[in-house]
Each structure stands twice: as structure tokens, then as C-alpha cells.
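Peer 1: With the sequence up front, the predicted model follows.
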Amino acid sequence: MASHFVSRPVRSAAARTILSPTSGFIAEAGFTHSLTPARNCTFGCTYCYVPTLRVQGGLKPEDWQRWGQFTTFKTNAAELLGRELRNHQRIYCSPLVDPYQPAEEGERMMPRVLQAMAASPPGVFTLQTRGTLILRDLNLLRALARRTTLRVSFSITTNRDEVRRRYEPRCAPIAERLAVIRTLRDAGIETYATLAPLLPCDPEELARLAIDASGRDLIGDALHVRGVKPRGATTRDAALRVAAVNGHYQWLDPAFQSETIGRIAAAAKALGHSFTTGPSGFAKLAA
Ligand code: SF4
């Protein structure tokens, strides 16, 4: 029987609204709204929590069944922002997709989003990304930073590039990501190195590299595991398989995770900085 399904990596659909009131982790951190410019993320990280949210993450079955294989851009995002933005909002972009995912290169949605933000600036706008493509929009980011509190939270998950290749093979090498943090910082953009989720790493070296690049306190979070988070979003099975194949079991153990966080915090302190996890860490992005 012929299938009616046609696989397309980049799709589009009009959204009814673009800003969502926050709940859970992001609300606890202090954000009032989230902005999600697309559904499904072409970085397709093995550990991504989003597909485990299923319909609660606004996904359709095909999204969680084929996570990372395609994305659906909300083509009218910038127009909707023109109507929905208010100056009291503290906006996190995004808990559900990386705004600078690989498909954004051809789509060029974020320049329109940043222009809409600059025209009607909210109180705080925070971009959460690991996409080096963000540098394409550096001039727009600079312009927006003059109009509102703009922050970039740039994900650095490990200092070991062979670990990065196993868990997030479509993301840029760690050295490139650290260089992007430095470039954003030099351009006057308030940029945090965000150690989340923490993958197998050398804790002290990771802290040193991240502080050296950002010049700021560190924030982050361990990989979610059911042992400490019995409900809600969690680590996708693909990462558990990578951990099993590579003998990384202890990195999923809550006690070992706490010890690692303690080592990073001690290393950060020795360098005159802090390392804070959970909503109180992410609150630095929303203040
Ligand atoms: S970049 Fe973020 S949203 Fe995208 S797949 Fe990776 S963890 Fe998930």
C-alpha cells in the first residue's frame, strides 16, 4: 500500500498564539512567558527531555516518535509577537526547542523575532541555545540589548568532545561553543555558560573553561533521572543507551551527580564565582 507520509525536514504551520504563560521549573525561576518558535528540534540530542513531555509539550505523536528528524516552524511568530508583547514580560526562549537549531539557518525566523522584540521590548528576553548560528544575528542582538535586558544562556554540557559527539553529535564542538560565548561577551551581550544537562566530564576543567569564556557565575543542572524526579519530563531513552554502551552508569546516579555538582561549585568558588543548579540557578537569567 502506498504511504501518504512524505518526510520533510522543515515544515511550517501558523500558530494561534506565540507567548505561553510559564509553569514549573521556568516559572519558579521567575519567567512569566515562554516563546517557542518551532515544534521538534533538529539538534535531536539523545538526552532531550522535550519528547518525553509528549502532548504536555505541545507535541504531536510524530514529533516524539521521530524526535530531531524534522521541525515545524511557527511561520507567523513575529506577527503574533507584535500583538502579544508587553513590557512587564520576562520571556524564556525556549523550553521546547533550540531557537538556533540547524534548520534555522535556512528558515531565518530569529531575525524577524528579534526585530519584533526590539519594536516592542519585554522586561527580560533570554535566549537558551547551543547553536553557534546565533552569531549570524549579532547586530540584531546588540540592537535589542539596548532596548531591553537581553541574556544568552549558552549550553556547555561537558569539556570532553568525545562525550559531546556521543550524546549530541549534531551540536558544535565544545571549543567552538566556548568561542561563541567569548564573542557574545566581547560584543557586550550578557552571556552565561549553562552546564546543563551535565554529561560525563572533568568537573574542575569544565568549570575553569566555562568561567574563562563567560567571566560569570555558572548555572546548570544534572541529567534528569527518575531517582530524583519521579514525574514529568526526563532523559530520553537514546541517552540511556549511549550511557550503557559507554559504561557511564554512575553519571545517572543521583549521589554521584551531587558529588559532581559539589566539585564544580568548589572549582567555581576557587575562581571567585558560584555554580547554582535548578530554578534558583536559572533565576539569574530572569531577574
Ligand atoms: S537543543 Fe535542546 S531542545 Fe533541541 S534536541 Fe537538544 S536538548 Fe532538545
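Peer 2: Received it, and whenever you're ready, just let me know what you need. Numbers count the residues shown, from 1 in each chain.

Peer 1: and residue 248, what does it touch?
Peer 2: 200, 242 (Cβ atoms under 8 Å, 6 or more residues apart in numbering). To be clear about C-beta, it is placed using only N, CA and C from the backbone, and glycine gets the same treatment.

Peer 1: what about it, distance to the ligand?
Peer 2: 17 Å (Cβ to the nearest ligand atom, to the nearest Å).

Peer 1: Distance of that residue relative to residue 48?
Peer 2: 17 Å (Cβ to Cβ, to the nearest Å).

Peer 1: and if you look at residue 126?
Peer 2: Distance, residue 126 to residue 48, using Cβ to Cβ: 19 Å.

Peer 1: got it, and residue 246?
Peer 2: According to Cβ to Cβ, residue 246 and residue 48 sit 18 Å apart.

Peer 1: Got the confidence number for the residue in the stretch 51-200 of the chain positioned nearest to the ligand?
Peer 2: The stretch 51-200 of the chain approaches the ligand most closely through residue 98 (3.7 Å), counting by Cβ to the nearest ligand atom. Residue 98 is assigned a predicted lDDT (pLDDT) of 98.

Peer 1: so where does it fall, helix or strand?
Peer 2: Taking DSSP states H and E as the definition, one finds residue 98 inside no helix or strand.

Peer 1: now the helices for the protein?
Peer 2: 24-29, 50-53, 61-65, 77-84, 104-107, 110-119, 138-145, 161-167, 174-186, 203-214, 237-245, 254-270, 278-286 (DSSP state H).

Peer 1: Give me the nearest residue to residue 75, chain neighbours excluded.
Peer 2: Of all residues not flanking residue 75 in the chain, residue 12 sits nearest, at 4.4 Å (Cβ to Cβ, 6 or more residues apart in numbering).

Peer 1: Please identify which of residue 246 and residue 48 sits among more neighbours.
Peer 2: Each of residue 246 and residue 48 has its neighbours counted (other Cβ atoms under 10 Å); residue 48 has more, 24 against 14.

Peer 1: Isn't residue 172 up against residue 133?
Peer 2: No - in this structure, residue 172 is not within contact of residue 133 by Cβ atoms under 8 Å, at 9.1 Å.

Peer 1: so who does the closest residue to residue 140 other than its chain neighbours touch?
Peer 2: In space, and not counting its chain neighbours, residue 140 is closest to residue 114: 4.2 Å by Cβ to Cβ, 6+ apart. With contacts defined as Cβ under 8 Å, 6+ apart, residue 114 is in contact with 137, 140-141, 143-144.

Peer 1: The same query, at a cut-off of 7 Å, please.
Peer 2: By Cβ atoms under 7 Å, 6 or more residues apart in numbering, the residues touching residue 114 are 137, 140-141, 144.

Peer 1: before we move on, what about residue 22?
Peer 2: Applying Cβ under 7 Å, 6+ apart, we find residue 22 in contact with 31-34.

Peer 1: So which of those reach the ligand?
Peer 2: Among these, no residue sits close to the ligand (Cβ under 6 Å from any ligand atom).

Peer 1: Just the buried residues of these.
Peer 2: For the contacts of residue 22, a burial check counting by 16 or more other Cβ atoms under 10 Å picks out 31-34.

Peer 1: quick one: which of the residues you listed is nearest residue 204?
Peer 2: Nearest to residue 204 among these: residue 31, at 30.9 Å, using Cβ to Cβ.

Peer 1: thought that closest one was touching residue 94?
Peer 2: No - between residue 31 and residue 94 there is no contact under Cβ atoms under 7 Å: 10.8 Å.

Peer 1: Contact residues of the stretch 1-150 of the chain facing the ligand?
Peer 2: Within reach of the ligand by Cβ under 6 Å from any ligand atom, the stretch 1-150 of the chain has these residues: 41, 43-45, 48, 50, 68, 97-98, 101, 130.

Peer 1: Brilliant, that's me finished.
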